[in-house]
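# Provided below for reference: sequence and predicted model.
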Amino acid sequence: MPNGEPTTFSARIRFTEAVNNPIFSVSLANGARVPLFTASSDWSGKPSGKFEAGEEVVWRIEFDNPLGPDRYTVTPSVTIRDGATLAARERMSSVVVTRIAAGPLVDIPFSEELRR
């Protein structure tokens with residue numbers, strides 16, 4: 001997974017019971033198990049809606065990969081507003097981030113200007 005490139009994460013979720021407004025999230029942790037990236041459907045401020053037992057959905061996020069070179073574990077989860085976890089797959093898979101130049105753990109975009 002190249003550093004600085006557009007990246008997509010998708011998760012297919014099947015509900016075993018009816019659920020109102022679940023929160024979908026994913027976390028990427030580096031080799032030292034430090035979470036360096038997290039995304040959550042809760043941050044949009046919009047309720048996700050009602051899902052019936054047996055219903056399947058795909059939750060997808062896109063981001064420009066700011067992570068430095070390392071192996072990252074991927075932990076997706078589905079929770080509800082009171083904090084109860086409906087499903088979590090701790091370190092479900094892993095990805096390797098590559099980069100040509102050496103640098104920090106995270107590349108935060110910035111702009112630069114030089115004036116005289």
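Right, received. Where do you want to start?

# show me what contacts the residue nearest the centre of the chain?
Compute the mean C-alpha point of the chain, and by CA atoms, centre = their mean the closest residue is Val26, 3.4 Å away. By CB atoms under 8 Å, 6 or more residues apart in numbering, the contact list for Val26 reads 9, 11, 38-39, 61, 74-77. C-beta: built from backbone N, CA, C; applies to glycine.

# surely Gly49 and Ile23 touch.
No - shown here, Gly49 and Ile23 do not form a contact pair, counting by CB atoms under 8 Å, at 11.8 Å.

# the two: who's more crowded?
Using other CB atoms under 10 Å, the more surrounded residue of Gly49 and Ile23 is Ile23, with 18 against 10.

# quick check: closest non-adjacent residue to the more buried one.
Once flanking residues are discounted, Ile23 sits nearest to Asp42: 4.5 Å by CB to CB, 6 or more residues apart in numbering.
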